[in-house]
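1. could you work out the structure for the sequence below:
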Amino acid sequence: MGIEPSDSTGTETADKSAVKQVADTALPLEVGSLAVGQDGHIEHSADDRPLSFRFSACGVEFEADLASKAAPLRLRANLGKLPYSAESPDGRRLARLVMAATDRLCRGHILLSPDQDMLLEGELNPPSPRTPVNVIAAAVTLILEFKPYLDLLAEAVSVRPPPRLPLSKDATAPAET
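-> Below is the predicted model:
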């Protein structure tokens, strides 16, 4: 029982190993340039496929996508509900001020949905080549631009009115003369 030498005569080009296919791919490897083939092996892909991924940063769950190889990276996040006026009038007012201030940002904003969800939306073109590192760096750049607003928004929605002290029995009784 020994190790048999591989048969290099045959369909060498049709049966390239996944490692060989990746090794023959021009570097750097851009996002979306590798795919799992029908046979389950990794292969180079020249197709322009969309890429989507999720991640968490600054306590927020983000969704990211690249619609094509030339499209900008788009980030989205649901930051939660706007506080009700009865729940926290000051928190609601402050949250609205923070959302309005994001209109000054060049690469995105925080909007209010019809369901009163605060939605972060931003986009940025990653540098070329679109390697995983460059795509993640673009996502981090966007998050850092939003970070001060995220911090302010977190403080705004946590604002609660001071608790009302119950009136004492004496305070409700009419004064005697």
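
2. without its sequence neighbours, what residue ends up closest to residue 138?
-> residue 126 (3.9 Å; CB to CB, 6 or more residues apart in numbering). (Each C-beta comes from the backbone N, C-alpha and C, glycine too.)

3. measure that neighbour to residue 144 for me?
-> 15 Å (CB to CB, to the nearest Å).

4. before we move on, back to that, tell me the phi and psi of the residue nearest to residue 138?
-> Backbone torsions of residue 126, given as degrees, to the nearest 10, read phi -70, psi 150.

5. residue 81 versus that one, what's the distance?
-> For residue 126 relative to residue 81 (CB to CB), the value is 32 Å.

6. quick one: contacts of stretch 94-105?
-> By CB atoms under 8 Å, 6 or more residues apart in numbering, the surrounding residues in contact with stretch 94-105 are 82-83, 108-112, 118, 122, 145-146, 149, 152-153, 155-157, 159.

7. that stretch: which residues count as buried?
-> For stretch 94-105, the neighbour count (16 or more other CB atoms under 10 Å) marks 94-95, 98-99, 102 as buried.
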